[in-house]
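Peer 1: Predicted model, plus sequence, below.
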Number of protein chains: 2
Amino acid sequence: MSSKRWNNAVAGREEQRHRKQQAVLAAGAKLFIEKGYDKTSLDDIASALNVTKRALYYYFDSKDEILFDCHRQGLRFVEDIIDRSLDRSVPVLERISSLVGEYTEWVNSDFGACLVLIPDSSMTRERSDYLRKAKARLDHRVRELITEGIADGTIRECSPALTTAAIFGALNWIPFWHRNTSDAKTLQVKQEFTTFIENGLKKHPEVASVGREDF
Amino acid sequence: MSSKRWNNAVAGREEQRHRKQQAVLAAGAKLFIEKGYDKTSLDDIASALNVTKRALYYYFDSKDEILFDCHRQGLRFVEDIIDRSLDRSVPVLERISSLVGEYTEWVNSDFGACLVLIPDSSMTRERSDYLRKAKARLDHRVRELITEGIADGTIRECSPALTTAAIFGALNWIPFWHRNTSDAKTLQVKQEFTTFIENGLKKHPEVASVGREDF
């Protein structure tokens, strides 16, 4: 029994606290998705980790704090993909495709699905504001990328705001129908969605006129 | 006060029952979206119609029955757009665009948004099965249209199932960010989404090779 406590997450002494916290977040995210936030109790999380509820309180004050930290964990990834999208040496359509592909994989992970599926309505105003702003940064980043592509002629004329909404709609809907399947299936979803979105954005040359100009 | 009862929905005598039922559904759908299903009571619906809760019971047994009939109302529209998509005299990409455009408008209506936003988890198994099958019919219809377009060379090679999932993701996400705005805005959403999806599906000719073949 004791060897299973914290799901064997305890390795190096100095990292113990961090690893235990991570184990709580991982178990929390998984349960919130499976059972729903309201129906998950701290007892459920403790039991998934083979520890007592009292042991959890050493790391988190409440279920609400666990959800907030799950979402924060998810948003750290979002900040990373924003950073990677800034490299102007890569063509803008390629940067959007990379971002879409990475987001697709992430939204299939427990922290990604948790951020999309579990509303933050139970949180304090301050916390939900923090999350809202972080999500808005990603949204605005994609709008900027689309604007950049329209300017350099690789993306067709469109509303960057509404097209970004269409893209995140397609991506955020994934956890509603695709969960717990194989890596091969996730890879196929990633490829199909990336191609669909890239094709939807791209400014495709007019065949007839290009033909005439060329000859 | 009495003139406001049933929100003036009572006109022709023979239609009274039907109109009153419709008024209940319209008020229900609106409140479910605004307040959430769990937080809406039969008293709220009665009060929105200026009638007593007892008057509601003459038409509906429970809140659950009202939600089911709202969803059924929404799905009648879905059956209509499936029917319209069957006319093979219209090019398939055009039929998909019409379906997408009509679905976009519908998902902005109260019954459409209600079907997308309010889960049917509180319903009996029989009722939720009925709804699931009706939604699946639309999903399969769009897959068939995409398959038809791939076969006739107007749509690029893709997975019809996953591409359909991307399309409905983009569309079903709309009520999460777009509510209660102007008709002009809804029209713009419709145009942008239709163009994005059509462009994403279309098999765009390769400029270089077509140029060579033409001359």
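Peer 2: Okay, I see it.

Peer 1: where does chain A come near chain B, residue by residue?
Peer 2: Chain A comes close to chain B at residues A:156, A:158-159, A:162-163, A:165-174, A:176-178, A:188-189, A:192-193, A:195-197, A:199-202, A:204-205, A:207, A:210-211, A:214-215, as judged by C-beta under 8 Å from any C-beta of the partner chain. Just so you know, the C-beta spots here come from the backbone N, C-alpha and C atoms, and that holds for glycine as well.

Peer 1: How about the residue most central in space within chain A, nearest residue that isn't a chain neighbour?
Peer 2: Geometric centre of chain A, nearest residue: A:Gly112, 3.8 Å, by C-alpha atoms, centre = their mean. In space, and not counting its chain neighbours, A:Gly112 is closest to A:Trp106: 4.1 Å by C-beta to C-beta, 6 or more residues apart in numbering or on different chains.

Peer 1: Tally up the residues packed near that neighbour, please.
Peer 2: Residues contacting A:Trp106 under the criterion other C-beta atoms under 10 Å in any protein chain shown number 19.

Peer 1: Report pLDDT for the residue nearest to the centre of chain A.
Peer 2: At A:Gly112, the predicted lDDT confidence score is 91.

Peer 1: For the one helix or strand it maps to, name the packing helices and strands.
Peer 2: Taking DSSP states H and E as the criterion, A:Gly112 maps to helix A:110-117. On a contact count with 3 or more C-beta pairs under 8 Å, 6 or more residues apart in numbering or on different chains; DSSP states H and E, helix A:110-117 meets helix A:16-35, helix A:63-84, helix A:92-107, helix A:174-177.

Peer 1: which residues does the residue nearest to A:Gly112 contact?
Peer 2: By C-beta atoms under 8 Å, 6 or more residues apart in numbering or on different chains, the residues touching A:Trp106 are A:74, A:77, A:81, A:112.

Peer 1: Dump stretch A:67-75 to CSV, restricted to CA.
Peer 2: Provided in CSV are the C-alpha atoms of stretch A:67-75 (Å, rounded to 0.1, in the frame of the first residue of the first chain):
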residue,chain,number,x,y,z
LEU,A,67,-8.9,23.4,-10.9
PHE,A,68,-7.3,26.8,-11.1
ASP,A,69,-3.8,25.3,-11.1
CYS,A,70,-4.9,22.7,-13.7
HIS,A,71,-6.0,25.6,-15.9
ARG,A,72,-2.8,27.5,-15.2
GLN,A,73,-0.8,24.5,-16.1
GLY,A,74,-2.8,24.3,-19.4
LEU,A,75,-2.2,27.9,-20.1
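
Peer 1: so how far is that stretch off the chain centroid?
Peer 2: Centre-to-centre, stretch A:67-75 and its host chain are 10 Å apart (C-alpha atoms, centre = their mean, to the nearest Å).

Peer 1: now what about it, what contacts it?
Peer 2: With C-beta under 8 Å, 6+ apart, stretch A:67-75 has contacts from A:21, A:25, A:28-29, A:32, A:37, A:60, A:106, A:111-112, A:114-115, A:118, A:120, A:122-123, A:127, A:131, A:134-135.

Peer 1: Now list the buried members of these.
Peer 2: A:21, A:25, A:28-29, A:32, A:37, A:60, A:106, A:111-112, A:114-115, A:118, A:120, A:123, A:127, A:131, A:134-135 (16 or more other C-beta atoms under 10 Å in any protein chain shown).

Peer 1: mind checking how far A:Gly84 is from A:Arg72?
Peer 2: For the record, residue A:84 is Arg, not Gly. 19 Å (C-beta to C-beta, to the nearest Å).

Peer 1: And these two? Which one has more around it.
Peer 2: With neighbours defined as other C-beta under 10 Å, A:Arg84 and A:Arg72 compare such that A:Arg72 has more, 16 against 13.

Peer 1: Check the gap between that one and B:Ile81 for me.
Peer 2: According to C-beta to C-beta, A:Arg72 stands 41 Å off from B:Ile81.
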